[in-house]
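In: Sharing a sequence plus its predicted fold:
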Amino acid sequence: MSETMYVAASGALVQQMRLEVLSNNLSNINTVGFKEDRAVFRAYLPGSSEPIKGNSENQYLPTNFHVAFEGTRTSFSPGQLKHTGNALDLGLDGNGFFCVKTPEGVQYTRKGNFSLNQEGVLSTQEGLPVLGNGGEIKIDGRDIVVDVEGNISVDGKQIDTIKIADFPQPYALEKVGDTLFVPIDPRVSEDIAEGVKVSQGFIELSNVDAVRVMTEMIEVLRAYESYQKVIRSVDEITSKAINEVGTLA
């Protein structure tokens with residue numbers, strides 16, 4: 001395969017992976033607490049396994065570099081808070097995560113559309129217990145009030161405080177399914193969130209910007225088509241070189 005063909009093929013593959021990431025973001029635009037992913041790429045010089053350092057703003061990048069998809073990076077920018085009026089819906093205004101008890105240990109989420117399970121324990125929609133400072137939060141009563149500090153009162157009596165954890169930024173967290181996160185490095189411990197406010201009767205919407213995502217998808221499709229044209233052109237030139245060059249008239 002010629003160098004030009006290889007570069008064009010790697011570019012087309014990268015655009016395909018980028019489109020998959022954008023499509024997943026768009027499909028989760030209505031998922032409460034969803035955090036969008038952004039594709040991460042690395043550029044390599046031909047014959048080198050070391051990525052090119054720097055960026056196009058302060059370093060010239062040669063036109064014949066190879067590009068590889070390195071994975072995704074999650075954007076933890078806040079989503080808009082939407083009023084629901086449901087006493088068990090909680091939104092976070094500021095940095096921090098709700099703590100959820102799972103079979104794999106404590107995990108973290110911004111998805112605050114909670115409910116009560118059969119035992120009266122405050123839980124996620126998937127039935128996972130939400131943790132307070134005293135552990136699982138059992139609610140036995142009708143008048144449920146949660147103040148901005150996360151203190152939970154039932155029928156006028158405070159029973160617990162929602163546990164809200166935070167981590168050093170930029171967040172080194174990875175998704176483990178359904179808006180749940182865990183630290184990439186298991187040795188990293190949680191901190192107590194500071195300055196965060198709890199809004200009862202609100203949920204945090206996805207932070208996906210539909211207009212921007214669709215605009216990027218159009219750009220990706222155009223770039224992919226351009227790479228396809230380059231591949232076809234190189235293939236035609238190679239074919240002529242093999243079949244016609246050197247042929248006696």
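Out: Yes, it's here.

In: rest of the way, CA atoms for contacts and neighbours
Out: Will do.

In: where in this structure is pLDDT low?
Out: Confidence mapping of the chain against pLDDT under 70 gives the ranges 1-3, 44-66, 241, 244-249.

In: what about 90?
Out: 1-15, 40-71, 169, 177-178, 186, 223-249 (pLDDT under 90).

In: So which bits of the longest helix seen in it are buried?
Out: Counting residues, the longest helix in the chain under DSSP state H turns out to be helix 210-243. Within helix 210-243, the residues scored as buried using 16 or more other Cα atoms under 10 Å are V213, M217, V220, A223, Y224, Y227, Q228, V230, I231, V234.

In: Tell me which other helices or strands that helix touches.
Out: helix 3-27 (3 or more Cα pairs under 8 Å, 6 or more residues apart in numbering; DSSP states H and E).

In: Give me the angle between the helix it packs on and helix 210-243.
Out: Helix 3-27 runs at 160 degrees relative to helix 210-243, counting by axes from the mean of the first three to the mean of the last three Cα atoms, to 10 degrees.

In: what helices or strands is helix 3-27 leaning on?
Out: When contacts are defined as 3+ Cα pairs under 8 Å, 6+ apart, helix 3-27 sits against strand 37-44, strand 66-74, helix 210-243.

In: hmm, 6 Å instead?
Out: Secondary-structure packing of helix 3-27 (3 or more Cα pairs under 6 Å, 6 or more residues apart in numbering; DSSP states H and E): strand 66-74, helix 210-243.

In: got the angle between that helix and strand 37-44?
Out: With the same axes, to 10 degrees applied, the angle from helix 3-27 to strand 37-44 works out at 170 degrees.

In: if we can go back for a sec, with distance to N86 as extra columns, can I get the helices and strands packed on helix 3-27 in JSON lines?
Out: Below are the helices and strands packed on helix 3-27 laid out as JSON lines (distance: least, Cα to Cα, whole Å):
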{"stretch": "strand 66-74", "distance to N86": "29"}
{"stretch": "helix 210-243", "distance to N86": "26"}
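
In: Minimum distance to S27: which of the ones you listed has it?
Out: helix 210-243 (9.8 Å; Cα to Cα).

In: So what's the gap between the closest one and the chain middle?
Out: Distance of helix 210-243 from its chain centroid, counting by Cα atoms, centre = their mean, to the nearest Å, is 28 Å.

In: what's the farthest-apart pair in the buried residues of helix 210-243?
Out: Taking Cα to Cα, no two of the buried residues of helix 210-243 sit farther apart than V213 and V234, at 31.5 Å.

In: Could you count how many residues lie near the nearest residue to S206 once chain neighbours are set aside?
Out: Among residues not flanking S206 along the chain, F34 sits closest, at 4.6 Å (Cα to Cα, 6 or more residues apart in numbering). Counted by other Cα atoms under 10 Å, the residues lying close to F34 total 26.

In: And for V148?
Out: 15.

In: Wait, it touches Q200, no?
Out: No: at 7.8 Å, V148 does not count as touching Q200 under the criterion of Cα atoms under 6 Å.
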